[in-house]
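>>> 3D, please:
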Amino acid sequence: MIKKADLTYEKAIKRLDEIVGKLNEGSLDLDESLKLFEEGQTLIKFAEKTIKEAELKVSEFSEKKVDE
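As a prediction, the model looks like this:
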């Protein structure tokens, strides 16, 4: 698990890829699968939030350029 303070979009996506790979193997017990699923959900929310914030910044920047 990545520490929240060290988390970046790229690290979140990489960890999500690792989680999906482990879950697809099918060799984990139920408890471990649920822990990984929960971690994945948290990472997805972080990634979505990061993308939305980036889109907002780009939109705001574009609007400033049009107004100038």
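
>>> so Ser27, which state does it fall into?
coil (DSSP: H, G, I helix; E, B strand; the rest coil).

>>> pLDDT-wise, which helix or strand of the protein ranks last?
Ranking every helix and strand in the chain by mean pLDDT, DSSP states H and E puts helix 30-67 at the bottom, with a mean of 92.

>>> can you give me the neighbour number for Asp50?
Residue 50: Thr, not Asp. Look at Thr50: counted by other Cβ atoms under 10 Å, it has 16 neighbours. All C-beta atoms are positioned from the backbone trio N, CA, C, and that covers glycine.

>>> Glu48 too?
So Glu48, with other Cβ under 10 Å, has 11 neighbours.

>>> surely Gly40 meets Ile19?
Yes: in this structure, Gly40 is within contact of Ile19 by Cβ atoms under 8 Å, at 4.6 Å.

>>> so between those two, which is more surrounded?
Set Gly40 next to Ile19 and count neighbours by other Cβ under 10 Å: Ile19 wins out with 21 against 18.

>>> so which strand or helix has the more buried one?
helix 9-25 (DSSP states H and E).

>>> output the contacting helices and strands for that helix.
helix 30-67 (3 or more Cβ pairs under 8 Å, 6 or more residues apart in numbering; DSSP states H and E).
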